[in-house]
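K.L.:
below are the sequence and a predicted model for it; my questions follow.
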Amino acid sequence: MARYTGPKTKISRIFGEPILGNGKYLTKNSNPPGQHGAARKRKSLGEYALQLKEKQKAKYTYGVLERQFRKTFEEAARLKGVTGENLIKLLEARLDNTVFRLGIAPSRPAARQLVSHKHITLNGEVMNVPSYSCKPGDVIGLKDKSANNSAVLSHIKGKNPKFSWIDWNENEKKGTFIAYPERESVPENIKEQLIVELYSK
């Protein structure tokens, strides 16, 4: 499974951002992990290290392993337009990410679990492939049995109004993937151009 099971705060401290979780401990100890903490002399990162770090950040953010991430990048490179922006669009279109954006699950790992455990339907059919790439017009909802499950319903908070590329129907507990998002609409702090430069070496 494409998931990280180690300490979430450690990952957040590496990047200095709440990549996984709410990052509430970043203010308490915002130093990168490693011996000697703030007293350790840290070299400024070189070009390759910055590019690699940006790729790792994107992989942790969306819960994707290297092989799958590489395939997504290659698909983005084949599409018309800017490769970096296409990459973000494809990552955002993943089913587990869309479930998270719709507010059905509180986090991407939780959304991935809902999909894997067959709680989610796509266009009326049960879909248990988290990496499925949603297409404009796809309708994502809860299976009938899951829609009456109090444990599942307790985590539904509805979509953030900032996400204009998806629509959520509170009464039917269904959402629609309207279109691929524009890069400026995606709030993730990822410098996708560095990832393109890394894979172009």
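P.N.:
Received it, and whenever you're ready, just let me know what you need. Numbering: from 1, shown residues only.

K.L.:
CA only for contacts and neighbour counts going forward, please
P.N.:
OK.

K.L.:
for the residue nearest the centre of the chain, give its distance to residue 148.
P.N.:
Closest to where the C-alpha atoms of the chain average out (CA atoms, centre = their mean) is residue 62, at 2.9 Å. The gap separating residue 62 from residue 148 is 28 Å, by CA to CA, to the nearest Å.

K.L.:
go on, residue 71?
P.N.:
37 Å.

K.L.:
can you give me the helices for the protein?
P.N.:
Taking DSSP state H, the helices of the chain run over residues 8-15, 47-62, 66-78, 83-92, 95-101, 108-116, 144-147, 150-153, 192-199.

K.L.:
pick the most buried one from those helices.
P.N.:
Of all the helices of the chain, helix 95-101 has the most neighbours on average by mean count of other CA atoms under 10 Å, namely a mean of 27.

K.L.:
pull the CA atoms of it into CSV?
P.N.:
Extracted C-alpha coordinates of helix 95-101, given in CSV (Å, rounded to 0.1, in the frame of the first residue of the first chain):
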residue,chain,number,x,y,z
LEU,A,95,-10.1,9.2,-6.2
ASP,A,96,-8.7,9.2,-2.6
ASN,A,97,-7.8,12.9,-2.9
THR,A,98,-11.2,13.8,-4.3
VAL,A,99,-12.9,12.0,-1.4
PHE,A,100,-10.8,14.0,0.9
ARG,A,101,-11.5,17.3,-0.9
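
K.L.:
what pLDDT, on average, does it get?
P.N.:
Averaging pLDDT along helix 95-101 yields 95.

K.L.:
swap in stretch 109-125?
P.N.:
Averaged across stretch 109-125, the pLDDT comes to 94.

K.L.:
worst-scoring helix or strand of the protein, pLDDT-wise?
P.N.:
Using mean pLDDT, DSSP states H and E, helix 8-15 stands out as the lowest-scoring helix or strand of the chain, at a mean of 78.

K.L.:
kindly calculate the angle that it makes with helix 47-62.
P.N.:
Angle of helix 8-15 versus helix 47-62, following axes from the mean of the first three to the mean of the last three CA atoms, to 10 degrees, is 150 degrees.

K.L.:
how about stretch 162-171: buried residues?
P.N.:
By neighbour count on 16 or more other CA atoms under 10 Å, the buried set for stretch 162-171 is 164-168.
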